[in-house]
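K.L.:
Prediction below, plus the sequence it came from.
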Amino acid sequence: MVALLVFWAAFRSPDTEFRSTLHVFGTLVEIIIRDTDEAAAQRAISAVSASFQRMHTGWHSWEHGELRDLNQAIAVGRSETVSSFLLPLIHQAKQFYRLSDGLFNPAIGALVAEWGFHADKPETGAIPSPETIRALLSQNPTMDDLVFDGTRIASRNRSVRLDFGGFAKGAALDRAAEILKSFGIENAVLNAGGDLRVLGDHGNRRWRAGIRHPLDWGLIASVDLVAGEGLFTSGNYERYREHEGRRYTHIIDPRNGMPIDRIVSVSVIHPNGALADAAATALSIAGPTDWSRVARRMGVNYVLLVEKTGTVYLSPEMKKRVTFVGTPPEKVVVPPWRHTDAPKPTKKDVATEPE
């Protein structure tokens, strides 16, 4: 996440749509609300805006706030009391870490920072040395290092640095959707830089979303979203740094400490936006040989991956729903899909709504 600037402008379109734009977490969030009056829409948008501001303060890993305070406490070996606004996010992060076999690991914030991605704009200049990367990997920080005692959190490993950039946008849109519903909003879409959460329908049809082609500026496909679903994409084409002619993405493989290279885009559809966001990150790391196993383990059935060669990988369920735009990909791979047992989350690993 980057610097927070919040503003919103709104207007009512002739077809009973009320639109508002927020600038938050470094991206534009457009909210389209249908079939409600303007006063109710404005109240709902104001509540969402206030929640976004609190998320920025509480969830930011490198600016002053509650998450940074927790990271500083972990670094010196003491526990910290965590609010009901942040605690569910930490439980979610631990659950997704386990479901992904550790490919989604928000505990590697120190490694992310070393690569220069703890800044509003990615750093330039030299990249981390192999020795530095090996030293950070040897510390082996994981979400399982955290110890929970009610609302107090400590860590068995002082090298844990929590960074929720890999799924905070999904969690934010989930909570925004719940706020809209609490104001009686039944039909709406939240669009955060192409990541979507939808409520209800768009008139007499479903909300339709485009999936950006990561190798050019057009669309690769479109898909209709069922009420309550989210569509989230992780890609190496938006946030990256360059060094000596090579591009290094912000998605870091926790197994080797290096930015991913082979997969350029992963899109996931799921009713839980935080899970979809985390899964898109984990499947980017899993790559073309292991993504389907990890997807099944995480419980996501709608997946589209694009390899840097242009090859597109689809889950069988996504193949049924997606429509390619323009010239279809030269190579599309749809693997067999078998059930994979996943660890059952405990009650405290499942995030609940904040107070």
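P.N.:
Perfect, I can see it now.
K.L.:
For the helix or strand hosting residue 131, which helices and strands make contact with it?
P.N.:
Per DSSP states H and E: residue 131 is located in helix 130-139. With contacts taken as 3 or more C-beta pairs under 8 Å, 6 or more residues apart in numbering; DSSP states H and E, helix 130-139 sits against helix 109-114. Quick note: C-beta positions are derived from backbone N, CA and C, even for glycine.
K.L.:
Export the helix it packs on to PDB, keeping only CA atoms.
P.N.:
The C-alpha coordinates for helix 109-114 follow below in PDB (Å, rounded to 0.1, in the frame of the first residue of the first chain):
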ATOM      1  CA  GLY A 109       8.100  -8.000   5.100                       C
ATOM      2  CA  ALA A 110      11.800  -7.500   5.800                       C
ATOM      3  CA  LEU A 111      12.600  -9.200   2.500                       C
ATOM      4  CA  VAL A 112      10.000  -7.100   0.600                       C
ATOM      5  CA  ALA A 113      11.600  -4.000   2.200                       C
ATOM      6  CA  GLU A 114      15.100  -5.100   1.100                       C
END
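K.L.:
Make 446 the starting number, not 1.
P.N.:
Understood, numbering begins at 446; the last thing we discussed is helix 554-559.
K.L.:
tell me what it is packed against?
P.N.:
Applying 3+ C-beta pairs under 8 Å, 6+ apart, we find helix 554-559 packed against helix 575-584.
K.L.:
Give me the distance from the helix it packs on to the chain's centre.
P.N.:
With C-alpha atoms, centre = their mean, to the nearest Å as the basis, helix 575-584 stands 26 Å off its chain's centre.
K.L.:
For it, which outside residues touch it?
P.N.:
By C-beta atoms under 8 Å, 6 or more residues apart in numbering, the residues outside helix 575-584 that reach it are 553, 555, 556, 559, 602, 604, 701, 702, 703.
K.L.:
residues of the helix or strand that it is followed by that come out buried?
P.N.:
Sequence-wise, the next helix or strand downstream of helix 575-584 (DSSP H and E) is strand 591-594. The neighbour-count check on strand 591-594 (16 or more other C-beta atoms under 10 Å) flags 591, 593 as buried.
K.L.:
gap between strand 591-594 and the chain center?
P.N.:
For strand 591-594, the distance to the chain centre is 24 Å (C-alpha atoms, centre = their mean).
K.L.:
what's the answer for stretch 729-738, then?
P.N.:
On the basis of C-alpha atoms, centre = their mean, stretch 729-738 sits 17 Å off its chain's mean C-alpha point.
K.L.:
Tell me the buried residues in that stretch?
P.N.:
For stretch 729-738, a neighbour-count test (16+ other C-beta under 10 Å) marks 729, 730, 731, 732, 733, 736, 737 as buried.
K.L.:
Brilliant, that's me finished.
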